[in-house]
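S.K.: return a 3D structure for these sequence lines:
(one chain, ligands or ions: 1)
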Amino acid sequence: MLIRKAVFPVAGLGTRFLPATKASAKEILPVVDKPLVQYAVKEAIAAGAEEMVFITSHTKNSIMDHFDRDYELESVLREDGKEELLAAVHDVLPEGISCVYIRQSEQKGLGHAIRCALPAVGDQDFSIILADDLIANGFQPVMAQMHRVYQQFGTSVIAVQRVPESETHKYGIVQVREIEAGVSEIENIVEKPDPSEAPSNLAVVGRYILTPRIFRLLDKTGVGAGGEIQLTDAIRTLMTEQTVLAYEFDGTRYDCGNKLGYLQANVEMGLRHDEIGDDFRDYLKKFAATLD
Ligand code: G1P
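M.R.: Purely as a prediction, here's the structure:
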């Protein structure tokens, strides 16, 4: 019961960060010193994944370059005796981890992106990480927490968290029946409902463990909220055939799909950073004192 394949839908245009994302992928935007997508890959590896499946588009070559070896850079760092930097470069993709890239030629929504992963995933259970949702560890990385639930119950698991009722229109929203602390069975799931129609304020965040049945259901899923093929709609059908669990994770989530969440992630991860954390804290305290 191991999840070997992790899917990263990274084909989106990243329009909220233009012009920064005009020539480079939004997933390459750094939080302190690592691109967003590297946090996502690290999290998948920490949960035991060995094959990273990226669903990309034509503007995303920087993601492929990032996870490729750069022998010239490595030899310069080695010659200069910069061992720490060399280790950081190696750490981008540890030994034994492979990457597969699949082009999503048309942007028809998250469900469509996930359907594109079928040739790489096949008939295995798999995970999905949305790199925009950066989650700083609680007691362990979130996908590893979810993996524990998956091993216990042997079925699909989706990460959820409470959001303000006024924000339900930004998320997939679930209605659940609790099984044990933090783990519930999903009884209904709706994509981006208006607060007046939301079944709860429990929102899906970008972490899923799914069975491969989802691919066949995505084939039959028509256009949903926002005129897109929604993963949420295929999950609603999956629930009628198999148990789908919601897991309330331990950790702090930053919505790096928008500027404020991205800046918050940089500040908080900067404060926790080994090299600059203390200096950054001093700076922030002094700077905050100058604000009214
Ligand atoms: C996607 C999903 C949504 C989920 C969200 C989490 O929406 O469709 O159900 O709540 O990710 O970040 P997006 O933010 O891509 O519009």
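
S.K.: gap between residue 259 and residue 17?
M.R.: Here residue 259 is placed at a distance of 7 Å from residue 17 (C-beta to C-beta, to the nearest Å). All C-beta spots, glycine's among them, are computed from the backbone N, C-alpha and C.

S.K.: try residue 162
M.R.: Taking C-beta to C-beta as the measure, residue 162 falls 27 Å from residue 17.

S.K.: neighbour count: residue 259 and residue 17, which is higher?
M.R.: More crowded of residue 259 and residue 17, by other C-beta atoms under 10 Å: residue 17, with 17 against 12.

S.K.: what's near enough to touch the closest residue to the more buried one other than its chain neighbours?
M.R.: Closest residue in space to residue 17, ignoring its immediate chain neighbours: residue 26 at 5.3 Å, by C-beta to C-beta, 6 or more residues apart in numbering. Applying C-beta atoms under 8 Å, 6 or more residues apart in numbering, we find residue 26 in contact with 12, 14, 16, 17, 20, 36, 132, 257.

S.K.: looking at those, which has the smallest pLDDT value?
M.R.: Among the contacts of residue 26, residue 14 carries the lowest pLDDT, at 82.

S.K.: per-residue confidence for the residue nearest to it when sequence neighbours are not counted?
M.R.: Closest residue in space to residue 14, ignoring its immediate chain neighbours: residue 26 at 2.9 Å, by C-beta to C-beta, 6+ apart. pLDDT for residue 26: 93.

S.K.: please renumber the chain so that the first residue is 308 from this point on.
M.R.: Got it, first residue is 308 now, which makes that one residue 333.

S.K.: over to residue 333: give its phi and psi.
M.R.: The phi/psi pair for residue 333 (degrees, to the nearest 10) reads phi -60, psi -30.

S.K.: what separates it from the ligand, distance-wise?
M.R.: As judged by C-beta to the nearest ligand atom, to the nearest Å, residue 333 and the ligand stand 12 Å apart.

S.K.: same deal with residue 370?
M.R.: 17 Å.

S.K.: of the contacts of residue 333, buried ones?
M.R.: For the contacts of residue 333, a burial check counting by 16 or more other C-beta atoms under 10 Å picks out 319, 321, 324, 343, 439, 564.

S.K.: okay, now the residue of the stretch 358-507 of the chain found nearest the ligand: neighbour count?
M.R.: In the stretch 358-507 of the chain, the residue that lies nearest the ligand is residue 479 (2.6 Å; C-beta to the nearest ligand atom). By the measure other C-beta under 10 Å, the count of residues near residue 479 is 26.

S.K.: cool, and residue 519?
M.R.: 15.

S.K.: quick one: which of the buried ones among the contacts of residue 333 is nearest residue 522?
M.R.: residue 319 (20.4 Å; C-beta to C-beta).

S.K.: so who does that closest one touch?
M.R.: 333, 414.

S.K.: surely residue 538 touches residue 417?
M.R.: Yes: counting by C-beta atoms under 8 Å, residue 417 is a contact partner of residue 538 at 4.6 Å.

S.K.: before we move on, back to that, out of the buried ones among the contacts of residue 333, which are inside helices?
M.R.: Among the buried ones among the contacts of residue 333, DSSP state H puts residue 343 in helices.

S.K.: pick out the most distant pair among the buried ones among the contacts of residue 333.
M.R.: Within these, 319 and 343 form the most distant pair, 12.0 Å apart (C-beta to C-beta).

S.K.: got the residues of the chain near the ligand?
M.R.: Counting by C-beta under 6 Å from any ligand atom, the chain comes close to the ligand at 417, 437, 440, 478-479, 498, 510-513, 537-539, 564.

S.K.: reformat the residues you listed as CSV; add secondary structure.
M.R.: Formatted as CSV, the residues of the chain next to the ligand follow (DSSP: H, G, I helix; E, B strand; the rest coil):
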residue, secondary structure
417, helix
437, coil
440, strand
478, coil
479, strand
498, strand
510, strand
511, strand
512, strand
513, strand
537, coil
538, helix
539, helix
564, coil
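
S.K.: quick one: the strands in the stretch 358-507 of the chain?
M.R.: 358-363, 405-410, 433-436, 440-444, 463-469, 479-487, 490-498 (DSSP state E, counting those that start in this stretch).
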